[in-house]
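> Below is the structure, and that's it, no one-letter string:
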């Protein structure tokens with residue numbers, strides 16, 4: 001019995017040992033397997049990490065390279081416009097204004113646009129300044145010319161005033177002493193009085209013209225009648241060996257102030273008589289039917305108009321001795337004549353011809369010329 005108990009205990013103990021051995025073996029086996037699996041996973045993870053590191057390094061390298069390229073690109077994009085701005089500033093410093101033509105899509109573009117706008121404004125100001133300077137020079141030139149003409153006028157006017165006064169004073173004294181017949185003295189004094197009256201009248205006329213108070217009493221009058229009145233006056237006051245010829249077209253009515261037109265023609269024909277020593281003075285009228293106007297042309301065989309006064313021929317105080325005649329006027333006659341013609345909406349011009357001077361006056365007809373011509 002004891003043996004059986006011992007045997008039974010041995011069998012149980014042996015069974016326990018075997019079971020424990022198996023269990024221990026299984027446990028270690030499983031541990032081994034788990035360790036193997038973990039090692040395998042670790043190897044795979046290590047491989048994956050290496051690949052990941054490689055990829056990260058590749059991406060980082062590419063990013064760095066791209067960044068470097070981008071930086072150089074941005075630097076190039078900025079430096080080009082900045083250089084253009086610097087060049088524009090250098091040119092502006094020496095007075096050369098040119099637009100900046102580089103286009104960008106960033107803040108520099110706004111700066112360039114502002115610079116271009118500023119350049120345009122400065123250029124406009126410079127152009128206006130240049131025009132103003134040119135105008136100032138022209139005005140200064142005109143002022144110098146007017147100042148010279150004023151001096152010449154004062155010299156001539158004083159001469160025109162002094163001579164008649166001296167003649168009148170001298171003749172009065174000679175008559176008082178009985179050295180000159182009274183009739184002769186009165187005739188000379190009358191002529192001197194007319195000269196003084198003409199000069200005074202011209203000065204008053206200039207004052208009225210410049211103040212805009214030139215009065216004209218307008219009527220429908222025949223042009224040829226006015227021309228013949230002036231021609232007859234000229235023939236009654238001969239100057240040297242000079243003839244006066246008239247070639248008149250069909251008479252046409254004009255809406256005009258007869259006395260004013262007479263005054264303008266008298267001034268021009270009077271100048272021709274004054275400066276023409278020999279030859280003739282031709283007075284013509286022409287109907288310009290296609291323009292509904294009439295033309296008056298006065299030509300002489302005198303020395304002509306001095307070239308230096310032609311540009312300002314109808315200006316105030318324009319006068320000059322011509323040739324060897326030692327004759328001149330007050331320098332107001334043609335100025336007044338132009339004002340009269342302009343008041344009648346006409347035109348006046350003067351130029352040299354082959355043997356003297358020619359003046360033309362063009363005036364509008366009061367009605368359609370075709371109708372008027374048919375009634376004559």
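Yep, that arrived. Note that the coordinates shown come from a computational prediction; the quantities given were computed from them, not determined experimentally.

> Relative to residue 280, how far out is residue 355?
For residue 355, the distance to residue 280 (C-beta to C-beta, to the nearest Å) stands at 10 Å. For glycine as for every other residue, the C-beta is placed from the backbone atoms N, C-alpha and C.

> One more: residue 335?
27 Å.

> Quick one: classify residue 279 as helix, strand or coil.
strand (DSSP: H, G, I helix; E, B strand; the rest coil).

> quick check: mean pLDDT across stretch 195-211?
Averaging pLDDT along stretch 195-211 yields 79.

> Give me the contact list for it.
Identification of contacts with stretch 195-211 by C-beta atoms under 8 Å, 6 or more residues apart in numbering yields 157, 160-161, 163-165, 214-215, 316, 330, 332-333, 335-336, 339.

> Could you identify the most distant pair in the residues you listed?
163 and 215 (30.9 Å; C-beta to C-beta).

> In terms of neighbours, single out the busier of these two.
More neighbours surround residue 163 than the other of residue 163 and residue 215, with 13 against 8 (other C-beta atoms under 10 Å).

> Show me which parts of stretch 166-175 are buried, residue by residue.
167, 168, 171, 175 (16 or more other C-beta atoms under 10 Å).

> likewise stretch 200-218?
For stretch 200-218, by 16+ other C-beta under 10 Å, it's 202, 205, 206, 209, 214.

> Next secondary structure after the host helix or strand of residue 163?
Using DSSP states H and E, residue 163 maps to helix 107-177. Going down the chain from helix 107-177, the next helix or strand is helix 182-210, by DSSP H and E.

> Which residues does whichever helix or strand comes after that next one contact?
On the C-terminal side of helix 182-210, the closest following helix or strand by DSSP H and E is strand 219-222. Residues from elsewhere that reach strand 219-222, judged by C-beta under 8 Å, 6+ apart: 251, 252, 253, 254, 255, 256, 257, 258, 366.

> okay, those in JSON lines with pLDDT and secondary structure next?
Formatted as JSON lines, those follow (pLDDT from 0 to 100; DSSP: H, G, I helix; E, B strand; the rest coil):
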{"residue": "251", "pLDDT": "89", "secondary structure": "coil"}
{"residue": "252", "pLDDT": "89", "secondary structure": "coil"}
{"residue": "253", "pLDDT": "91", "secondary structure": "strand"}
{"residue": "254", "pLDDT": "92", "secondary structure": "strand"}
{"residue": "255", "pLDDT": "92", "secondary structure": "strand"}
{"residue": "256", "pLDDT": "93", "secondary structure": "strand"}
{"residue": "257", "pLDDT": "92", "secondary structure": "coil"}
{"residue": "258", "pLDDT": "92", "secondary structure": "helix"}
{"residue": "366", "pLDDT": "81", "secondary structure": "coil"}
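
> For the residues you listed, pick the one with the most neighbours.
residue 256 (27 neighbours).

> Much appreciated, bye for now.
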